[in-house]
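[1] here is a sequence together with a model predicted from it:
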Amino acid sequence: MDEEGSETVLDPHSVGKMMDLTGISALHARNISGRGVTIALLDSEFYYDNETAERLTADIVPIYADSYGKYEVHGIACAELISSIAPGVKLYLVDAGSTQEEVTAAIEGLLNLDEQIDIVSCSSDFPFGGFDGDDAVCEEVEKMTSNGTLWINAAGNQALCHWSGEFIDPDGNGFLNFSPEDESINLTMERGDDVSIWLSWEDDRDAAALDYDLRLDYPGRGRSISDNPQRGYRGQEPVEMIRLTAPRDGTYHIKIRRYDGAGSPGRLHLFTTQDLDEHRVQNWSIGILGCCRNVITVGAINISTLQIQPYSSRGPTEDGRQKPDLVAPDNVTTYSYISDGFAGTSAAAPFVAGCAALILELFRDDPDVDVRRVLLESSTDLGPEGPDEIYGRGLVNLSNLEVNL
């Protein structure tokens, strides 16, 4: 649903129409296809069959050990989009796993290749950390970007499942007040729903001294508590997490408790994998990879309306930098998802990565071309006039290249 509540209508020609609108088709007509450009797609779920393979660039290099089931297609749908926009690229399919350590290992593997990676397209992120560009995984990203690689990251789909703010406890009972009269956030679930909840806050990231607990009260009776110790010892992180399969239907209540008189941090961040019923904070909802410096962070617009998707994460970063940088369409049709639209910023990021590849080929005789600047300055402004924390600089648009260069 878009912000007006109108339902998205899937169009089997949606990618083609958007390529016409954003100047990609015109570049294809000039035989610009991303030849000579290398993209590493950091994702997971790369199942594809012979029919899907026909929709991929001819030069595919898989870097993964896993085998995938036929419905594990998230990563290959991203590869389809890149291949549609830049069919001439060389495309590495890199399973980056689901942890920061696995992403770090994937980056190190790319750095050890014998060839330069021109672009990274990453549709993964993590909902806990500093959100200021100084998280450990951002140091790994910096190794790529300082080596000349353009890193493009999905902004994330957390705008409706995020809360952020300072710890306020007017009655002194140890529980955070999300409003003057409310010490919990409601979360409605059905029995069997899976949910993950993360709480993180500003503190020493390897020896946290501010101690907060995360609690989830069940409807009727029962609760889950995450109460990791944070007493300033090495290895203690400012993170609490709860994973749960809902035992019954009803309204669950998220609470945050300050333990043993801990001091007040800066901003706390709460993310869940289910939309919150109340107290949502859409700003500051981009994950830590999207907050890394020198990364192009991409939000999602509805391909039918060009309106921001309600779930598309928004900036700024914790240290005040504007994010996202650009937006691109989601709800695009891919063979991997067949009749379902490929929704989310996971679809928007590879769209921009493909555009970046076309720019690199178009200006391959100009060694000083700044692809990041070209992408930003050729975009079409959407939403409020000028750059903002919802649409960034606007819709990626290669139609504007000649005007802005």
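    Perfect, thanks for sending it.
[2] buried ones in stretch 58-68, by neighbour count?
    Ile60, Ile63, Tyr64, Tyr68 (16 or more other C-beta atoms under 10 Å). (Each C-beta comes from the backbone N, C-alpha and C, glycine too.)
[3] mind putting those into TSV with pLDDT?
    Shown next, in TSV, are the buried residues of stretch 58-68 (pLDDT from 0 to 100):
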residue	pLDDT
Ile60	96
Ile63	95
Tyr64	92
Tyr68	93
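[4] rebuild these as CSV, extending it with secondary structure.
    Shown next, in CSV, are the buried residues of stretch 58-68 (DSSP: H, G, I helix; E, B strand; the rest coil):
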residue, secondary structure
Ile60, strand
Ile63, strand
Tyr64, coil
Tyr68, coil
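[5] ok, these vs Tyr259, which is closest?
    Tyr64 (41.2 Å; C-beta to C-beta).
[6] find the nearest non-adjacent residue to that closest one, please.
    Asp95 (3.5 Å; C-beta to C-beta, 6 or more residues apart in numbering).
[7] check Gln274 too.
    Nearest to Gln274 is Val195, by C-beta to C-beta, 6+ apart, at 4.9 Å.
[8] which SSE is that neighbour in?
    Val195 belongs to strand 194-201 when assigned by DSSP states H and E.
[9] I figured the residue nearest to Gln274 was touching Cys161, is that so?
    No: the pair formed by Val195 and Cys161 falls short of the contact definition of C-beta atoms under 8 Å, at 9.4 Å.
[10] of the two, who's got more company?
    Set Val195 next to Cys161 and count neighbours by other C-beta atoms under 10 Å: Cys161 wins out with 22 against 19.
[11] how about the helices in the stretch 101-250 of the chain?
    Residue ranges of the helices in the stretch 101-250 of the chain, as given by DSSP state H, counting those that start in this stretch, are 136-145.
[12] ok, Ile242 - contacts?
    Val195, Ser196, Ile197, Leu214, Leu216, Ser224, Ile225, Ser226 (C-beta atoms under 8 Å, 6 or more residues apart in numbering).
[13] same check, this time on Asp43
    His74, Gly75, Cys78, Leu93, Val94, Asp95, Ala96, Cys122, Ser123, Ser124, Ser346.
[14] can you get me a residue count around Arg234?
    Arg234, neighbours per other C-beta under 10 Å, totals 7.
[15] let me fix that, I meant to ask about Thr272.
    So Thr272, with other C-beta under 10 Å, has 23 neighbours.
[16] with Thr273 instead?
    Per other C-beta under 10 Å, the neighbour tally for Thr273 reads 15.
[17] tell me the pLDDT of it.
    Looking at Thr273, its pLDDT reads 97.
[18] could you do the one 5 residues further on as well?
    Glu278 is assigned a predicted lDDT (pLDDT) of 98.
[19] same check on the one 3 residues further on?
    Val281 is assigned a pLDDT of 98 by the prediction.
[20] what separation do you get for it and Pro384?
    Val281 sits 19 Å away from Pro384, taking C-beta to C-beta, to the nearest Å as the criterion.
[21] how about the most far-flung residue of the chain relative to its centre: what's its closest non-neighbour residue?
    The C-alpha centroid of the chain is most remote from Asp171, which lies 37.2 Å away (C-alpha atoms, centre = their mean). Leaving aside its sequence neighbours, Asp171 sits nearest to Asn177 (C-beta to C-beta, 6+ apart; 7.9 Å).
[22] next, count neighbours for the one you found.
    Around Asn177 there are 17 residues (other C-beta under 10 Å).
[23] my read: it touches Ser184, true?
    No: using C-beta under 8 Å, Asn177 is not in contact with Ser184, being 9.6 Å away.
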